[in-house]
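[1] next one to model:
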Amino acid sequence: MEKDQNPSPDTPEPFEGNGVTVRLEAFEGPLDLLLHLIKREEIDIWNIPIAHITEQYLEYIQIMKDLNINLAAEWLMMASTLIYIKSRLLVPQEKKEESEDDENEDPRHELVYQLLEHQKFKNAAEMLYTREEVENAVWNNPPEDALEDANEIVDVSLFDLLRAFHEVVRRFDEQRVMEVDHEEVTVEQMILDIRNRLLIHDTILFYSLFAESRSKRQMIVTFLALLELVRLHEVRLHQKKTFEEILISKKKETA
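    Residues are numbered from 1 along each chain as shown. Now for the predicted structure:
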């Protein structure tokens, strides 16, 4: 994808440095993003407002592009598919009826079937993972407070994380803090910094990671370090309730 000539002021400047790229397929894929948007917007999967979902999808693509995330071809293919479906829905009804092959079939249906199939396999994988987790960490007498916490904690998706980081950058822009370009920080250094923080504190706030950042470059390096720790299964991202502040904690090792 080519870089925009006039990027929006609400999006971070593309990060290029230290040879760092993130392969998003190690986390989640385009179908996961669509399911995330459908769930977040509380949309009927059989009646997807394709124009709105396409806009939201492309916004996430732009955020990932700004973060120098290496997008596989399937991400761009899905963007093309959404735009194509959107264009077909905009065709006047009379023209659609003239087509013998169309048979007035809703162009969204094939996408819906893909989403349902993906969700089915995803649910099966999560069920197997949960069963393994339970078998590896069985409590004979679990403490009551642990059971109470389990009912409140909500795991955070990669897309929640991207949105939260986008908000951090927007706040940084609004504060108009003077950037210090010569302060070079590597992803490896920030990984060590986050690990050290988690040795001192059981849980740290997502926004606190960026409290001392003096440039967008440093903020993006910090974010990439967090993504790497998530990929390595060293940290867990969660919220006490949906839409509340994201919490970072060290993942407990299972026996």
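[2] only C-alpha atoms for contact and neighbour calcs from this point on.
    Fine.
[3] show me where the stretch 151-255 of the chain has helices.
    With helices called from DSSP state H, counting those that start in this stretch, the stretch 151-255 of the chain shows them at 158-175, 187-200, 216-231.
[4] can you check what angle separates the second one from helix 216-231?
    The reference is to helix 187-200. On the basis of axes from the mean of the first three to the mean of the last three C-alpha atoms, to 10 degrees, helix 187-200 is oriented at 60 degrees to helix 216-231.
[5] same question for the first one.
    Here helix 158-175 runs at 160 degrees with respect to helix 216-231, directions being taken by the same axes, to 10 degrees.
[6] what's helix 158-175 packed up against?
    Helix 158-175 is packed against helix 50-66, helix 216-231, with contacts defined by 3 or more C-alpha pairs under 8 Å, 6 or more residues apart in numbering; DSSP states H and E.
[7] just send the ones you listed back as TSV, with distance to I204 and mean pLDDT too.
    Formatted as TSV, these follow (distance: least, C-alpha to C-alpha, whole Å; pLDDT from 0 to 100):
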stretch	distance to I204	mean pLDDT
helix 50-66	24	89
helix 216-231	12	88
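[8] mind listing the strands for this protein?
    With DSSP state E as the criterion, the chain has strands at 22-23, 69-70, 154-155, 203-205, 235-239, 247-250.
[9] contacts only, for I50.
    I50 makes contact with L82, I85, K86 under the criterion C-alpha atoms under 8 Å, 6 or more residues apart in numbering.
[10] the spatially closest residue to the first one that is not a sequence neighbour - how many residues pack around it?
    Of all residues not flanking L82 in the chain, T54 sits nearest, at 5.9 Å (C-alpha to C-alpha, 6 or more residues apart in numbering). Applying the criterion other C-alpha atoms under 10 Å, we find 20 residues in the vicinity of T54.
[11] over to P30?
    20.
[12] tell me the predicted confidence for the closest residue to it other than its chain neighbours.
    Distance criterion C-alpha to C-alpha, 6+ apart; nearest residue to P30, sequence neighbours excluded, is W75 at 5.5 Å. On pLDDT, W75 comes in at 90.
[13] how about E148?
    So E148 comes in at 45 (pLDDT).
[14] coming back round to it: who wins on neighbours among the contacts of I50?
    That'd be L82 among the contacts of I50, by other C-alpha under 10 Å, with 22 neighbours.
[15] can you give me the distance of that residue to P49?
    Going from L82 to P49 by C-alpha to C-alpha, to the nearest Å gives 11 Å.
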